[in-house]
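Peer 1: A predicted structure for the sequence below; I have some questions about it.
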Amino acid sequence: MLKVALQAPPAPAVLEATWRELEERADLSFFQSWTWTGCLFAERFTHPLLLHAERGGAVVALGLFQRGVLSLHLGESGVADRDTIYIEHNGILRAREGAPEIAPLLRAAMCHRVVPRRLGLSGVDDAHQVAASAIGGRVVERRVHVVPTLDLRVAGADWLAGLSANTRQQMRRSMRAYGSPIVERAQTVAQAHDFLDALAALHQQIWRQRSQPGAFAAPFFRRFHRELIARGLPRDEIDLLRVHADGATIGYLYNFRHRGRVLAYQSGFDYAAAHGAQRPGMTCHHLAIDMYVAAGAQIYDFLAGDHRYKRSLGNDQTRLHWLTLYPSLSAWRRR
């Protein structure tokens, strides 16, 4: 018998223990982990509701929602300045064995009170998109991103060979132009914070040139990630990388690592100092991918964002959806 409830969550320490235990029995992304979900929990989830599903006394599904007046937001606050951290690979956390289908869980979330609520589902996979369409109501796809990935299980150490001749040539010429670039990983939280600050300065410089604010313009964004680094670096879930040659910085990468998957979350490159054949972005990713191949990583995920270098370096892709699901009377009656 499956028991599904949408209720106020327990204290964060208790919820963390329950969440981490289910993580061990689930296939999930870094964005579904408690490291991400629990970071600055009280600020992001001021009115939280926990979707909790049990079967035979075992927890088989969890989903954390922020409650609005007539809305629920999965894994997000629903407030623009808090959601600048930009969740991807989002979804209800479900056990590998005995998990319910996604559609009944979404229906339970939507229809748990007298007045049904619309659901905000950001950065979810095809399975969540199909489930949202199956429960009735109107689904508005706010946007969809095709996310390039580099499958290192297929490419292996010779991953460059699978790229186009033009991309290979650009990357090799850039490596030669920089001489002998090396990649350095931050070893302490303090060093990682220093790398993040330097990355932010380079990142913001480019966006200011485009007359756009850039991700680090939001104070909450920087504060969230400093805390996330403090939580995730000791767990080997976060990398802050500096790529340099002859003492000069080429760029920085801020990556998440989770169960063999590397997620290239943020970057800052010194384009102003680059000249000739030098391609700072390509060179930084080149050295990072080599490092991850040697460490046994399986997937290098470029995440959402329409950048040419992502398409050039990827050999596979996945889709992510940003949806709003509006309730219908028929969905409410089937609750």
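Peer 2: Structure received.

Peer 1: hey, let's count contacts and neighbours off CA atoms from now on
Peer 2: Noted.

Peer 1: so for the helix or strand harbouring Asp239, mean pLDDT?
Peer 2: Per DSSP states H and E, Asp239 falls inside strand 238-245. Summarised as a single mean, pLDDT over strand 238-245 is 98.

Peer 1: got it, and stretch 8-16?
Peer 2: On average, the pLDDT along stretch 8-16 is 96.

Peer 1: just the helices in the stretch 1-150 of the chain please.
Peer 2: In order along the chain, the stretch 1-150 of the chain carries the following helices (DSSP state H, counting those that start in this stretch): 12-23, 34-37, 41-44, 102-110, 126-134.

Peer 1: which of those sits closest to Val4?
Peer 2: Relative to Val4, the nearest member of those by CA to CA is helix 102-110, separated by 7.4 Å.

Peer 1: now the closest one against helix 126-134, angle please.
Peer 2: Between helix 102-110 and helix 126-134, the angle comes out at 60 degrees (axes from the mean of the first three to the mean of the last three CA atoms, to 10 degrees).

Peer 1: going forward, begin numbering at 38 instead of 1
Peer 2: Sure, I'll start counting at 38 from here, so that last one is helix 139-147.

Peer 1: tell me the helices and strands packed up against helix 139-147.
Peer 2: Secondary-structure packing of helix 139-147 (3 or more CA pairs under 8 Å, 6 or more residues apart in numbering; DSSP states H and E): strand 39-44, helix 163-171.

Peer 1: where does pLDDT dip in the stretch 238-372 of the chain?
Peer 2: For the stretch 238-372 of the chain, residues meeting the criterion pLDDT under 70 lie at 366-372.

Peer 1: Ser217 and Thr320: what is the separation?
Peer 2: Using CA to CA, to the nearest Å, one obtains 11 Å as the distance from Ser217 to Thr320.

Peer 1: ok, these two, which is more surrounded?
Peer 2: Thr320 (27 against 10; other CA atoms under 10 Å).

Peer 1: so Ala252 makes contact with Phe261?
Peer 2: No - between Ala252 and Phe261 there is no contact under CA atoms under 8 Å: 11.9 Å.

Peer 1: show me what contacts Leu287?
Peer 2: For residue 287 the amino acid is Ile, not Leu. Arg279, Val280, His281, Phe306, Asp307, Pro317, Cys321 (CA atoms under 8 Å, 6 or more residues apart in numbering).

Peer 1: could you redo the last one with a cut-off of 6 Å?
Peer 2: Val280, His281, Asp307, Pro317 (CA atoms under 6 Å, 6 or more residues apart in numbering).

Peer 1: top of the residues you listed by number of neighbours, please.
Peer 2: Among those, Pro317 has more neighbours than the rest - 27 neighbours, counting by other CA under 10 Å.

Peer 1: if I look at the residue most central in space within the chain, how far off is Val51?
Peer 2: Central residue check for the chain by CA atoms, centre = their mean: the C-alpha nearest the mean position is that of Glu125, 4.0 Å away. Noted for Glu125: a distance of 25 Å to Val51, by CA to CA.

Peer 1: His126 too?
Peer 2: Taking CA to CA as the measure, His126 and Val51 are separated by 24 Å.

Peer 1: and for Thr225?
Peer 2: Taking CA to CA as the measure, Thr225 falls 28 Å from Val51.

Peer 1: these two: who's more crowded?
Peer 2: Each of Thr225 and Val51 had its neighbours counted (other CA under 10 Å), and the higher figure belongs to Thr225 (14 against 10).

Peer 1: skipping its backbone neighbours, what lies nearest the more buried one in space?
Peer 2: Setting aside the residues directly before and after it, Thr225 is nearest to Leu270 in space (CA to CA, 6 or more residues apart in numbering), at 7.7 Å.

Peer 1: in the stretch 188-337 of the chain, which spans are strands?
Peer 2: Using DSSP state E, counting those that start in this stretch, the strands of the stretch 188-337 of the chain run over 219-222, 275-282, 285-295, 298-306, 336-338.
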